[in-house]
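Novice: Next one to model:
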Amino acid sequence: MIACSFIVNIDYLSETGLVVDGEHGPLTEQAIEHFQEENEQYVDGIASSVTMNSLDLEAFHPS
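Specialist: This is a model prediction of the structure:
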């Protein structure tokens, strides 16, 4: 679940009100778009392999 990755790795829960519910809703899409923008990726709100790999890197090498 992409929402879990954002919450665990980047703590978007407090910033967005994102709730882990297993759905890809508007708040999940906004969180993905924000992450993509912050990481200079193509912003489309889709958790592509590039985005997912960046999440993994962020988890192991937080800023």
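Novice: For the protein, which residues score under the pLDDT cut-off?
Specialist: 1-16, 57-63 (pLDDT under 70).
Novice: can we see that at 50?
Specialist: 3, 7 (pLDDT under 50).
Novice: all helices of it, in order?
Specialist: 2-10, 12-16, 26-38, 49-60 (DSSP state H).
Novice: which helices and strands does the longest one pack with?
Specialist: With contacts defined as 3 or more CB pairs under 8 Å, 6 or more residues apart in numbering; DSSP states H and E, helix 26-38 has these neighbours: helix 2-10, helix 12-16, helix 49-60. Backbone N, C-alpha and C define where each C-beta goes, glycine included.
Novice: can you pull the buried residues of it?
Specialist: Buried positions in helix 26-38, judged by neighbour count with 16 or more other CB atoms under 10 Å: 27-28, 30-36.
Novice: Give me the distance between the two termini of stretch 39-48.
Specialist: End-to-end distance of stretch 39-48 (CA to CA, to the nearest Å): 13 Å.
Novice: Contacts for it, please.
Specialist: Stretch 39-48 is contacted by residues 2, 29-30, 32-33, 35-37, 50-51, 54 when judged by CB atoms under 8 Å, 6 or more residues apart in numbering.
Novice: Tell me which two of these sit farthest apart.
Specialist: Put simply, by CB to CB the two of those set farthest apart are Gln30 and Val50, 18.2 Å from each other.
Novice: Any idea how many residues pack against Asn53?
Specialist: 10 (other CB atoms under 10 Å).
Novice: again, but for Asp21
Specialist: 11.
Novice: ok, now Val19?
Specialist: So Val19, with other CB under 10 Å, has 12 neighbours.
Novice: and what of the one 4 residues further on?
Specialist: When neighbours are counted by other CB under 10 Å, Glu23 registers 11.
Novice: show me the contacts for it.
Specialist: Taking CB under 8 Å, 6+ apart, we find Glu23 in contact with no residue.
Novice: how much space is there between it and Gly45?
Specialist: Separation of Glu23 from Gly45 (CB to CB, to the nearest Å): 14 Å.
Novice: Check Glu38 too.
Specialist: From Glu38 to Gly45 the distance is 14 Å (CB to CB).
Novice: Great, nothing more from me.
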